[in-house]
Structure formats: C-alpha cells, structure tokens
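Participant: Fold the following, please.
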Amino acid sequence: MVGRQRRAGVAAVALLAVGLTGCGGGEDRAAVPSGSPSATSAPATVATPTGPAKPTDRSPHGVLLSAELAMQTARRAKVSYRLGADAGAGPLFWAPKTALQVKRSTAGGPEQLIVVDTVAYQGGDAATATRQGGRHWERFTVPPDPDGRKEVPYAGLIDSLNPVEALAAATADGVVPAFLGEEKLEDSTVEHYRVTTTAEKYAAAQAQLTQARRDGLRAALAPGGSHSLTLDLWLNDKDQLVKLQRTGSGDGGGRADDLVLYSDFAGALLSAQAPAEPDTVDTGVRTVSPLAR
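Facilitator: Numbering: from 1, shown residues only. This next block holds a predicted model:
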C-alpha cells in the first residue's frame, strides 16, 4: 500500500494455550487441549529498535505470506459465511486446536453447530428437545481416518472457513498473486489481491492435514465437479484477512461460490463452549459428508 506503513506479524510468537470450557456448570465437558498446527514459511523480516519485526518483501506474494503469519498469530476470529446456499456466523478457532460455534441456516432449516476438537454438538432448539426427551443437544463423533486417528467433525466446513488454509493456498508454489488495488470495505480501506488455482492445488497446499482430510477439503471446494478456483482476498492495514471470496467452475457445470468475512481477530471474548452435560444426549458415531456445510 503506497505511502502506508503496515504492521506485520512478528516472525516468532509465543503460542498461548486457549482453554475452551463448557457452559452450564457441569464438570464433564469437552475442552480444547493444547497443541499447535504446523506453521508455514514466513516472509523475511528485519527487526527495528522501536517496534516489531517488519516484512521486507511487499510484493503481492510477500504481502500474502505476511497475511498468513498474521492469521497464524491471531488463532481465532468471528466468521460470517455463505458457502453455496448455506450460511452461518460465529467464532472459529483454528489454533491451537479446532473449535467452531455457529448458528447456521441450511436447506433443512436453522440450527446450531458446535465442534470442539474431535467432538460435535448439534441442535440447541426446541425440535431437538422434543426428539430427545427434553435435552437440546446431540453429541457425536465421526469415524477415525484410515490410520485410526480421530477426525474433526465437519472438517470440510472448518477447512473451508480456515483463513490460514486459504492463505497457504494463495502462496503455494506456482501460484502467482496479483494486487488489484485499494478498496473501501465498510469504513476501512483494504487491499484486494487475487490468485487463480484449483481445488486440487488448494487442498494439496495443506501439508498439516491428513490425506483423508485433504481429500475431503478438495471435495468441499469442488461442489458439482467445479475444479478451477479464483481466490479474492481483502487485507486490512495489519495484513489480516478480512474478506475471502472463492469462485470457480468445472467441465460438468459445477460451480463454487463462497464468501467468508472475518472480524474480531484474537478476540478475548470469543469462545466455543460445549453444552452442559445434562442437556446433552450422546448419539454415538456419525458419518459426516465433506460437503456438509
């Protein structure tokens, strides 16, 4: 951005454990354990005596690398999304472990979804309470991956929303980003970048994911057989991703059309809470399609 100094994320950060505790006073609750996903390459930086390290590469590729680092550092944000015909909003945690709590509208009607690491809760409405004898939430897990490791429920949805994964795809080898200029987004000035890739390359850029999860992400990004993807990314003056749009098409007439807005980065009040145990029914193991939004 011409004539504007912008803060980039520091090249080394201390990862603080984020405790995501349950609500309702119960003692047996799901919580997010400590841990951290693999970090991707950061741009070259130079330390200054008066502030944090600054990126030296302000090319489109360098700026998107800086944005990737900024989002790794943030670890959480509020998301508002439209993925095809489905929409939702709520807090998303992508590190140190996965957590999501959204109110969403789907073809089947409005509902709430909570994912805390490898456990999911669905419902929170009167219909669920009627079906489950007064309890409002159904608790479930998903089958393990082929290697026997526990999987994250609704991984296709979570990976589609994860800003670090979008930026990893935008900075992958062979992807050439373009800077389209400054624009206004509500009351802020943002920078608009664009890259062209494919669903296969997007998924392949996520080296921290298992092969099964990369396969699921590829399927989630290519509804109806779409395969080419255009990523439009809007960054604020801190190199944080505030808006992501994915569009694409395929030979079979399939089309991708996704929009995600990010706000309240690293918000202290963001939480994803497991429901109180007495209000929960354990429904065992379910199979959740990668296309489930």
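Participant: for the spatially most central residue of the chain, what are its contacts?
Facilitator: The centre of the chain sits closest to residue 162, judged by CA atoms, centre = their mean, with a distance of 1.8 Å. When contacts are counted by CB atoms under 8 Å, 6 or more residues apart in numbering, residue 162 is found next to 92, 94. Placement of C-beta: from N, CA and C, glycine included.
Participant: swap the cut-off to 7 Å and go again
Facilitator: By CB atoms under 7 Å, 6 or more residues apart in numbering, residue 162 lies in contact with residue 94.
Participant: any idea how far it is from residue 156?
Facilitator: Using CB to CB, to the nearest Å, one gets 11 Å for the distance from residue 162 to residue 156.
Participant: A helix includes residue 201, no?
Facilitator: Yes - checked against DSSP: H, G, I helix; E, B strand; the rest coil, residue 201 lies within a helix.
Participant: now the residue nearest to the centre of the chain: how far from residue 71?
Facilitator: Going from residue 162 to residue 71 by CB to CB gives 9 Å.
Participant: got the contact list for residue 194?
Facilitator: 177-178, 180, 230-232.
Participant: That one bridge partners, please.
Facilitator: As for beta bridges, residue 194 partners with residue 178, residue 232 under DSSP bridges.
Participant: Mind jotting down where the helices sit in the stretch 1-150 of the chain?
Facilitator: Per DSSP state H, counting those that start in this stretch, the stretch 1-150 of the chain carries helices over the ranges 60-74, 126-131.
Participant: and the longest one, what does it pack onto?
Facilitator: Meaning helix 60-74. Under the contact criterion of 3 or more CB pairs under 7 Å, 6 or more residues apart in numbering; DSSP states H and E, helix 60-74 touches helix 163-170.
Participant: Give the bridge partners for residue 241, please.
Facilitator: With DSSP bridges as the criterion, residue 241 is bridged to residue 235.
Participant: Run a quick neighbour tally on it.
Facilitator: Using other CB atoms under 10 Å, the number of residues around residue 241 comes to 27.
Participant: what does residue 125 give?
Facilitator: Residues lying near residue 125 (other CB under 10 Å) number 15.
Participant: which one is it nearest to, not counting chain neighbours?
Facilitator: residue 111 (6.3 Å; CB to CB, 6 or more residues apart in numbering).
Participant: any idea how far residue 158 is from residue 215?
Facilitator: Distance, residue 158 to residue 215, by CB to CB: 15 Å.
Participant: which of the two has more neighbours?
Facilitator: With neighbours defined as other CB under 10 Å, residue 158 and residue 215 compare such that residue 158 has more, 21 against 14.
Participant: who's in contact with the helix or strand hosting the more buried one?
Facilitator: Using DSSP states H and E, the element containing residue 158 is helix 155-161. Applying CB under 7 Å, 6+ apart, the contact partners of helix 155-161 are 79, 81, 83, 92, 98, 100, 115, 152, 165, 213, 216-217, 219-221, 258, 260, 290-293.
Participant: how about the CA coordinates for it, as PDB?
Facilitator: Extracted in PDB, the C-alpha atoms of helix 155-161 (Å, rounded to 0.1, in the frame of the first residue of the first chain):
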ATOM      1  CA  ALA A 155     -13.800 -30.900   8.800                       C
ATOM      2  CA  GLY A 156     -14.900 -29.900   5.300                       C
ATOM      3  CA  LEU A 157     -16.800 -26.900   6.600                       C
ATOM      4  CA  ILE A 158     -14.000 -25.900   9.100                       C
ATOM      5  CA  ASP A 159     -11.200 -26.200   6.400                       C
ATOM      6  CA  SER A 160     -13.300 -24.100   4.000                       C
ATOM      7  CA  LEU A 161     -13.500 -21.300   6.600                       C
END
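Participant: What average pLDDT does it get?
Facilitator: Across helix 155-161, pLDDT averages out at 94.
Participant: Check stretch 258-274 too.
Facilitator: The pLDDT scores in stretch 258-274 average 95.
Participant: Figure out how far it is from the centre of its chain.
Facilitator: Stretch 258-274 sits 10 Å away from the centroid of its parent chain (CA atoms, centre = their mean, to the nearest Å).
Participant: now stretch 219-229
Facilitator: Centroid displacement of stretch 219-229 relative to its chain, using CA atoms, centre = their mean, is 18 Å.
Participant: How about stretch 97-105?
Facilitator: The chain centroid and the centroid of stretch 97-105 are separated by 10 Å, computed with CA atoms, centre = their mean.
Participant: Same question for stretch 133-141.
Facilitator: When distances are taken as CA atoms, centre = their mean, stretch 133-141 is centred 25 Å away from the chain's centroid.
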